[in-house]
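Colleague: all I have is the shape, not the residue letters:
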């Protein structure tokens, strides 16, 4: 099968979608398929071998921005704009992009969703012209629904079906200012019907997005995300002192402030005086003030010397980070579609405490790898953390269950196999070319 994966790069920031798509391309190649990973906007920052090496960046971030802002720039010939997509310039632009908020790019988001009718139509022309020089794909995969504006012309001019993944786009779209928020959802609800295959990583998010886009619930398949679990080596022995861990973007939406509050509450409980806190994950310029506020909060409680901050770790350091934990939590405030960090914690055999909201109940029920707490409630979260720290046998049992689940359902190879089984061209004699898959999370 010849798979083309189109993925927006996040520049200097770590991005879960980039990790997932890079892992998918690698798994497809190992399984004997052809896979082409095409970055958009900016180069990708990854913690594994880059599967997009040698492939040019399309929709260069600087050009996309100037096309939105300047009619004069849009009318320049292509050769006069090409230098703006030089890798060195795009790497420089990565630092600027790390400070971009949804509220700053409402008009640009709507324009991209309008595809051939948007201000960036010439970028789509360039992508299609380049794809025509490559072997014809069996499917073109879009990393998220924010790219659905590309689907119409890709289907008609490359003559290949289009698959689209969904993961967390609603939070970004809801953060746009009006009238762009309404315009974006209207455009998305219209254009998503032109996609041949649509998938979400959990049933929660599939049903949620189907409602938001007025789609029948069975229009969205469930394809769980996958990671490379083989590099993780669980340690079944209790940590002394116990360590509570967080690994995600260090921002309010991921609930780092709630975990800090729970950690402070934890210290008032009997036997919890030696517990430590380790915080890892992506930390960009726009996160700095928030992280400093959490450090001040810990300092005022006299606990800063029991907390460690480990931003932007490479893959080997990240794995050691997870393997050093007793219990893990990312108490995200918004409707998390999946949470790749749960797969990583379970791969390391670490049990989790997550709020009873969004995709977390579904994932914890399927994995048996943790316990639930009340959402936005630091006392309930502290209680869950204390329960697993005080019950090492239960923590080890839940961690082992999570590891088993990760090995069975959350590997990059399992993700690739499910997609190929669903999408690969079927023999003409096949009586049921598009038979539904079994639920991926069962």
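Modeller: Structure received. No experiment lies behind these values; they were computed from the predicted model shown. Numbers count the residues shown, from 1 in each chain.

Colleague: what sits up against the host helix or strand of residue 277?
Modeller: In this structure, residue 277 sits in strand 276-281 according to DSSP states H and E. With contact meaning Cβ atoms under 8 Å, 6 or more residues apart in numbering, strand 276-281 is reached by 14, 241-250, 254, 256, 259-260, 263, 294, 298, 303, 306-313, 318, 321, 324-325, 341. (C-beta placed from N, C-alpha, C; glycine too.)

Colleague: now do that strand, average pLDDT.
Modeller: Average pLDDT, strand 276-281: 97.

Colleague: what comes up buried for the first helix or strand past it going along the chain?
Modeller: Note on strand 276-281: by DSSP H and E, the next helix or strand toward the C-terminus is helix 288-300. Under the neighbour-count criterion of 16 or more other Cβ atoms under 10 Å, helix 288-300 has 291, 294, 297-298 buried.

Colleague: can you list contacts of the helix or strand following helix 288-300?
Modeller: Using DSSP H and E, the helix or strand that follows helix 288-300 towards the C-terminus is strand 307-311. For strand 307-311, the surrounding residues in contact (Cβ under 8 Å, 6+ apart) are 250, 263, 276-283, 291, 295, 298, 317, 321.

Colleague: setting the sequence-adjacent residues aside, check what's closest to residue 301.
Modeller: Nearest residue to residue 301, sequence neighbours excluded (Cβ to Cβ, 6 or more residues apart in numbering): residue 264, at 4.7 Å.

Colleague: contact partners for the one you found?
Modeller: Residues near residue 264 by Cβ under 8 Å, 6+ apart: 297-298, 301, 303.

Colleague: is it possible to export these to a markdown table including pLDDT and distance to residue 126?
Modeller: Output for those, formatted as a markdown table (pLDDT from 0 to 100; distance: Cβ to Cβ, whole Å):
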| residue | pLDDT | distance to residue 126 |
| --- | --- | --- |
| 297 | 97 | 48 |
| 298 | 97 | 49 |
| 301 | 96 | 54 |
| 303 | 96 | 53 |
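
Colleague: tell me the one of those residues nearest residue 124?
Modeller: Distance to residue 124, by Cβ to Cβ, is smallest for residue 297 among the contacts of residue 264, at 46.7 Å.

Colleague: how about the residue nearest to the closest one when sequence neighbours are not counted, secondary structure?
Modeller: Nearest residue to residue 297 in three dimensions, chain neighbours excluded: residue 260, at 5.7 Å (Cβ to Cβ, 6+ apart). Under DSSP: H, G, I helix; E, B strand; the rest coil, the three-state class of residue 260 is helix.

Colleague: gap between residue 260 and residue 301?
Modeller: Counting by Cβ to Cβ, to the nearest Å, the separation of residue 260 from residue 301 is 9 Å.

Colleague: where does residue 14 land on pLDDT?
Modeller: We have a pLDDT of 75 for residue 14.

Colleague: ditto for residue 89
Modeller: pLDDT, read off for residue 89, is 70.

Colleague: correct me if wrong: it contacts residue 63.
Modeller: No. Residue 89 is beyond contact range of residue 63, at 9.9 Å (criterion: Cβ atoms under 8 Å).

Colleague: who has more neighbours out of these two?
Modeller: Counted by other Cβ atoms under 10 Å, residue 89 and residue 63 do not tie: residue 63 has more neighbours, with 26 against 15.

Colleague: for the more buried one, which non-adjacent residue is spatially closest?
Modeller: residue 84 (4.9 Å).

Colleague: wait, is that neighbour part of a helix?
Modeller: Yes. Residue 84: assigned to a helix according to three-state DSSP.

Colleague: residues in contact with it?
Modeller: Residue 84 neighbours (Cβ under 8 Å, 6+ apart): 60, 62-63, 66.

Colleague: if we can go back for a sec, which of the contacts of strand 276-281 are buried?
Modeller: Going by neighbour count (16+ other Cβ under 10 Å), those have 14, 242-250, 254, 256, 259-260, 263, 294, 298, 303, 306-307, 309-313, 318, 321, 324-325, 341 buried.

Colleague: my guess is residue 10 contacts residue 43, does it?
Modeller: No. If you go by Cβ under 8 Å, residue 10 and residue 43 don't touch, sitting 9.1 Å apart.

Colleague: who's more crowded, those two?
Modeller: Using other Cβ under 10 Å, the more surrounded residue of residue 10 and residue 43 is residue 10, with 23 against 20.

Colleague: now do that one against residue 282, distance only.
Modeller: For residue 10, the distance to residue 282 equals 9 Å [Cβ to Cβ].

Colleague: for the contacts of residue 264, work out which two are farthest apart.
Modeller: 297 and 303 (8.8 Å).

Colleague: and residue 383, backbone torsions?
Modeller: phi -60, psi -40 (degrees, to the nearest 10).

Colleague: residues contacting it?
Modeller: Counting by Cβ under 8 Å, 6+ apart, residue 383 makes contact with residue 373.

Colleague: residue 247 now?
Modeller: Contacts of residue 247 (Cβ under 8 Å, 6+ apart): 279-281, 318, 321-322, 328, 330, 341, 344-345.

Colleague: separation between the residue nearest to it when sequence neighbours are not counted and residue 2?
Modeller: Residue nearest to residue 247 in three dimensions, not counting chain neighbours: residue 280, with 4.3 Å by Cβ to Cβ, 6+ apart. Distance, residue 280 to residue 2, by Cβ to Cβ: 37 Å.

Colleague: can you check residue 381 too?
Modeller: With Cβ to Cβ as the criterion, residue 381 and residue 2 are 46 Å apart.

Colleague: cool, residue 44 as well?
Modeller: When distance is defined by Cβ to Cβ, residue 44 is 21 Å away from residue 2.

Colleague: who has more neighbours out of the two?
Modeller: residue 44 (25 against 16).

Colleague: and the more buried one, which of the three is it?
Modeller: coil.

Colleague: so which residues of the stretch 51-200 of the chain form helices?
Modeller: Using DSSP state H, counting those that start in this stretch, the helices found in the stretch 51-200 of the chain span residues 61-69, 71-74, 78-81, 87-97, 106-113, 121-131, 151-158, 169-174, 180-191.

Colleague: tell me the helices and strands packed up against the last one.
Modeller: Applying 3 or more Cβ pairs under 8 Å, 6 or more residues apart in numbering; DSSP states H and E, we find helix 180-191 packed against helix 106-113, helix 169-174.

Colleague: would you reformat those as CSV and include mean neighbour count and mean pLDDT?
Modeller: CSV is the format used below for the helices and strands packed on helix 180-191 (neighbours: other Cβ atoms under 10 Å; pLDDT from 0 to 100):
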stretch, mean neighbour count, mean pLDDT
helix 106-113, 23, 94
helix 169-174, 18, 92
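
Colleague: format those helices as a markdown table; extra columns: distance to residue 374.
Modeller: Formatted as a markdown table, the helices and strands packed on helix 180-191 follow (distance: least, Cβ to Cβ, whole Å):
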| stretch | distance to residue 374 |
| --- | --- |
| helix 106-113 | 34 |
| helix 169-174 | 21 |
